[in-house]
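Student: quick one, structure for this:
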Amino acid sequence: MESTRSLKDKIFLVIKGLAMGAANKVPGVSGGVVAFVAGFYEEFIYSLQRVNKTAFRLLFGGRFRSFYRYINGKFLFLLFLGMIISYFSISKLLDYLIVHYQLYVWSTFFGMIIGSIYYINKDFKDWNTKTIAALIIGAAIGISISFLDPAMENDNLVFVFFCGIISVSGMTLPGFSGSFILILLGNYVLLLVDSVNALYDTFADIFSGNFEFIKDQARMRMLKVLSVFTLGSVTGLVTLSHLLNYILKHYKSITLATIIGFIIGSLGVVWPWKQTVYKIDETGTAIMDSSGAPVIENYKRFIPELTTETGIAIAYIILGIFIVLALEWYGKRTRRTNI
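Tutor: Below is the predicted model:
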């Protein structure tokens, strides 16, 4: 029975990784919210901050088993396995759904964020002048970000490394969407679409025995960009986790209030009823990115009319709320089982 439960927990941990990976890919949605609601956020931060001098000493000393145990390797491995699988599967499906069913996808995520606000707020009792101020500041930052105009695409490797550090903010800081920040920095398509597709095509070529891609300068450049982006992401993940672990230990109430504020502010980004505004040049022609897609300038949000489509969208918002409540229920059940 214990081994069956253990296997089930491992499977669910991979599924949590799938959910985090998918959430991180969607602009405006934070994978950290998934971790928070599903009840493994603090373990996630704690495990990441164990990647420190002691861990490297064990690793380079050849004590691999001790290194694996020290960093809570089983937990991190299964979680990141789910995220990696997500980037090549669920995130691809999400790309398709956002193109063809944009209103309903945004509605579902909007509902999930509302559910997340309820979940985090219901157990938070430490409201005072400082925490209310932190909530307002967090919400103001989140709302302000949603109205910023994106920059142009930039594949400078130093800038790409910086984008990697920023992109993982959504995993470590609930409510702060790393993918939306990448849109503002102009590199969302480059780093989360083009480079991932280049890696996918490269794996496909390798498995088919075709190594001609080595001569393809554009492909090799894209793989180099992806490598630097990944290095920046790992660097950001470890450094941010150390900072957050310290903050959670010493300023937990203020941190939680700020996180609630970030999540409230992110509602502006994922508001379902919006029209995409594309960048245009002096002649009125849409500016294209490296993949040939028009560059997004921002979104024009509006209040919908009461139609059948609006009713369906509201139903998806309710579905999103129930998804979060289900995650909360499972998280509580898992914690009770592990006590």
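Student: distance of residue 245 from residue 35?
Tutor: 14 Å (C-beta to C-beta, to the nearest Å). C-betas here are computed from N, CA, C, even on glycine.
Student: the more surrounded of these two?
Tutor: residue 35 (25 against 18; other C-beta atoms under 10 Å).
Student: which residues does that one contact?
Tutor: Counting by C-beta atoms under 8 Å, 6 or more residues apart in numbering, residue 35 touches 16, 20, 41, 44, 171, 174.
Student: just residue 223 next, same as before
Tutor: The contact partners of residue 223, by C-beta under 8 Å, 6+ apart, come to 195, 198, 199, 202.
Student: kindly list the single helix or strand of the chain that scores lowest on mean pLDDT.
Tutor: Across the helices and strands of the chain, mean pLDDT, DSSP states H and E gives its lowest value to strand 296-301, namely a mean of 70.
Student: can you spell out which helices and strands pack onto whatever helix or strand comes next after it?
Tutor: Remark: after strand 296-301, the chain's next helix or strand is helix 308-338, criterion DSSP states H and E. Helix 308-338 sits against helix 2-25, helix 31-38, helix 102-122, with contacts defined as 3 or more C-beta pairs under 8 Å, 6 or more residues apart in numbering; DSSP states H and E.
Student: most packed of those helices?
Tutor: Ranked by mean neighbour count under mean count of other C-beta atoms under 10 Å, these are led by helix 31-38, which reaches a mean of 27.
Student: list the contacts of whichever helix or strand comes after it.
Tutor: Next in sequence after helix 31-38, counting helices and strands by DSSP H and E, comes helix 41-49. Residues from elsewhere that reach helix 41-49 (C-beta under 8 Å, 6+ apart): 32, 35, 71-72, 75-76, 79, 172, 174, 237-238, 241-242, 244-245, 248.
Student: point out where the chain drops to low pLDDT.
Tutor: 1-6, 27-28, 91-92, 95, 149-150, 175, 279, 281, 287-299, 330-339 (pLDDT under 70).
Student: swap in 50 and give it another go.
Tutor: The chain contains residues with pLDDT under 50 at 1-5.
Student: phi, psi for the residue of it most remote from its centre please.
Tutor: Farthest-out residue of the chain from its mean C-alpha position, per C-alpha atoms, centre = their mean: residue 283, at 36.3 Å. Per-residue torsions, residue 283: phi -90, psi 0 (degrees, to the nearest 10).
Student: and the longest helix anywhere in the chain, what's buried?
Tutor: With secondary structure taken from DSSP state H, the chain has its longest helix at helix 217-250. Using 16 or more other C-beta atoms under 10 Å as the test for burial, helix 217-250 gives 219, 222-223, 225-226, 228-230, 232-233, 236-241, 244-245, 248.
Student: C-terminal to that helix, what's the next element?
Tutor: Next helix or strand after helix 217-250 toward the C-terminus (DSSP H and E): helix 252-266.
Student: what residues sit buried inside that following helix?
Tutor: 254-266.
Student: do the same with stretch 128-148
Tutor: So, applying 16+ other C-beta under 10 Å, buried residues of stretch 128-148: 131, 134, 135, 137, 138, 139, 142, 143, 145, 146.
Student: can you check stretch 196-204 too?
Tutor: 196, 198, 199, 202.
Student: what's the closest non-adjacent residue to the third one?
Tutor: With C-beta to C-beta, 6 or more residues apart in numbering as the criterion, residue 199 has its nearest non-adjacent residue at 5.8 Å, and that residue is residue 226.
Student: pull the most distant pair out of the contacts of residue 223.
Tutor: Across those, no pair lies farther apart than 195 and 202, at 10.4 Å, counting by C-beta to C-beta.
Student: now do the helices in the stretch 51-200 of the chain.
Tutor: Taking DSSP state H, counting those that start in this stretch to define them, one finds helices in the stretch 51-200 of the chain at 53-60, 64-70, 73-87, 90-100, 102-122, 129-146, 157-167, 169-172, 178-185, 188-189, 195-207.
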